[in-house]
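>>> Show me the folded form of this:
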Amino acid sequence: SEERGVLDRADMLEKALKSVVGISSADAFSKNTMYMGSGVMATSDGYIITNQHVVGARPQRIEVTLHSGETLEGKTLWSSSTLDLAIVKIKGEGYTTCDLADAKEVRVGEGVIAIGNPLSMQFERTVTAGIVSAVGRSISIENDDGSSSYMEDLIQTDASINPGNSGGPLLNERGEVIGINTIKVSSAEGMGFAVPVNICVPIIERLKSVGEFRTPYLGLYAYTRAAAKYYNESPSFEKGLYVAGLDSYGPAFSAGLRSGDIILSIGNVEINTMLALREELYKRQSGETVEIEFLRDGTLRKVRVMLSTEE
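Here you go, the predicted structure:
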């Protein structure tokens with residue numbers, strides 16, 4: 001019944017709210033620079049997913065406020081400004097968590113809920129609801145140094161995303177995390193964006209097993225079909241990623257990949273976005289060899305690339 005559905009949502013939110021934390025941090029080089037936002041507890045032993053811009057590039061101190069009001073010191077174990085994601089760890093056990101869903105299964109029109117912590121104040125969680133408006137969105141952003149780049153494969157929603165929501169979870173109707181809300185994207189009224197959560201799974205698994213995650217490095221940047229068309233970078237292609245640039249000292253260039261190639265798969269897994277490419281890379285580590293299938297001038301080719309470590 002409709003009443004039962006409302007109760008189910010309230011029960012789900014009661015648990016989800018307990019997994020959302022407030023995060024504040026101070027910049028190591030500018031003590032007047034403060035960052036505030038939210039995070040979500042991904043494991044019962046204190047691994048938290050948030051935005052990179054919430055914890056800052058070089059935080060002097062990170063404070064994590066639990067639902068109970070208790071404040072603990074956090075430590076950044078991994079972060080990426082490109083993805084606007086970070087993993088923060090606090091000490092302790094038995095924390096309430098949110099399950100992580102496969103964001104690739106998200107469909108336009110399904111209901112979503114964004115949870116956040118306005119100004120990172122304890123006991124002030126807010127909930128906004130909406131639907132998935134679009135998936136696989138590529139949005140241009142301005143970086144801190146004034147240059148432009150874009151975030152891709154984003155989940156777009158009409159649920160309100162504000163500074164308090166940033167770093168907090170975007171949930172599906174089962175209460176599972178499908179994305180991490182971000183305000184790094186300057187958007188029009190009525191549009192919010194979240195970064196798919198999938199890429200955090202192999203990172204947390206590596207951190208739990210060996211204590212560190214050293215980002216595997218391929219040494220290339222590629223555009224999706226939509227982005228390549230937007231930037232007028234390439235001939236039309238139906239699937240894959242258009243290689244737009246390479247590090248001439250990186251593994252991909254050394255193995256023979258060149259600008260203009262269209263990557264189709266890595267390790268027999270079809271690749272159509274940079275996020276999917278990173279997800280496959282992050283399951284591996286430096287020194288491992290991956291097979292990349294690609295097109296060059298319409299000819300199908302394969303190459304084996306030994307990954308190095310991103311500096």
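>>> got a list of contacts for stretch 63-73?
17-25, 39, 48, 61-62, 74, 88, 90-92, 95-96, 117, 120, 122-123, 125 (Cβ atoms under 8 Å, 6 or more residues apart in numbering). The way it works is simple: take the backbone N, C-alpha and C, and place the C-beta from them, glycine included.
>>> go with 10 Å
Applying Cβ atoms under 10 Å, 6 or more residues apart in numbering, the contact partners of stretch 63-73 are 17-26, 36, 38-39, 41, 46, 48, 50, 55, 61-62, 74-75, 88-92, 95-96, 117, 120-125.
>>> and it, C-alpha only, in CSV?
This file holds the C-alpha atoms of stretch 63-73, laid out as CSV (Å, rounded to 0.1, in the frame of the first residue of the first chain):
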residue,chain,number,x,y,z
GLU,A,63,37.1,16.3,12.0
VAL,A,64,34.3,13.8,11.4
THR,A,65,31.0,14.2,13.3
LEU,A,66,28.9,11.1,13.7
HIS,A,67,25.1,11.0,13.9
SER,A,68,25.4,10.7,17.7
GLY,A,69,27.3,14.0,17.9
GLU,A,70,30.6,12.4,18.7
THR,A,71,33.5,14.0,16.8
LEU,A,72,36.6,12.0,15.8
GLU,A,73,39.7,12.8,13.9
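>>> what pLDDT, on average, does it get?
Mean pLDDT, computed over stretch 63-73, is 90.
>>> Count the residues that sit near V112.
Neighbour count of V112, defined by other Cβ atoms under 10 Å: 24.
>>> If you could redo that for L257, that was the one I meant.
Per other Cβ under 10 Å, the neighbour tally for L257 reads 24.
>>> element containing the most centrally placed residue in the chain, please.
Geometric centre of the chain, nearest residue: V195, 4.3 Å, by Cα atoms, centre = their mean. Taking DSSP states H and E as the criterion, V195 maps to strand 192-196.
>>> shaky segments in the stretch 201-311 of the chain?
Scanning the stretch 201-311 of the chain with the threshold set as pLDDT under 70 gives 230-235, 311.
>>> now the strands: where do they sit in it?
For the stretch 201-311 of the chain, the strands defined by DSSP state E, counting those that start in this stretch cover 216-217, 220-223, 241-246, 262-266, 269-270, 289-296, 299-306, 308-309.
>>> TSV for the ones you listed, including mean neighbour count and distance to A129?
As requested, these are arranged in TSV below (neighbours: other Cβ atoms under 10 Å; distance: least, Cβ to Cβ, whole Å):
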stretch	mean neighbour count	distance to A129
strand 216-217	19	37
strand 220-223	22	33
strand 241-246	20	34
strand 262-266	21	37
strand 269-270	13	33
strand 289-296	18	40
strand 299-306	12	44
strand 308-309	14	42
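>>> Export those strands to JSON lines and append columns for distance to E173.
Below are the strands of the stretch 201-311 of the chain laid out as JSON lines (distance: least, Cβ to Cβ, whole Å):
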{"stretch": "strand 216-217", "distance to E173": "34"}
{"stretch": "strand 220-223", "distance to E173": "33"}
{"stretch": "strand 241-246", "distance to E173": "32"}
{"stretch": "strand 262-266", "distance to E173": "32"}
{"stretch": "strand 269-270", "distance to E173": "28"}
{"stretch": "strand 289-296", "distance to E173": "36"}
{"stretch": "strand 299-306", "distance to E173": "40"}
{"stretch": "strand 308-309", "distance to E173": "39"}
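>>> Those strands: which one's closest to T82?
Nearest to T82, of all the strands of the stretch 201-311 of the chain, is strand 220-223, at 9.6 Å by Cβ to Cβ.
>>> and the closest one, C-alpha only, in PDB?
Output of strand 220-223 as PDB, limited to C-alpha atoms (Å, rounded to 0.1, in the frame of the first residue of the first chain):
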ATOM      1  CA  LEU A 220      46.300   8.700 -21.400                       C
ATOM      2  CA  TYR A 221      43.200  10.800 -21.500                       C
ATOM      3  CA  ALA A 222      40.200   9.900 -23.600                       C
ATOM      4  CA  TYR A 223      36.900  11.300 -24.600                       C
END
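>>> contacting residues around N51?
By Cβ under 10 Å, 6+ apart, N51 lies in contact with 23, 35, 37-39, 79, 81, 83-86, 166-168, 180-184, 195.
>>> what's the distance between it and A114?
In this view, N51 and A114 are 13 Å apart by Cβ to Cβ, to the nearest Å.
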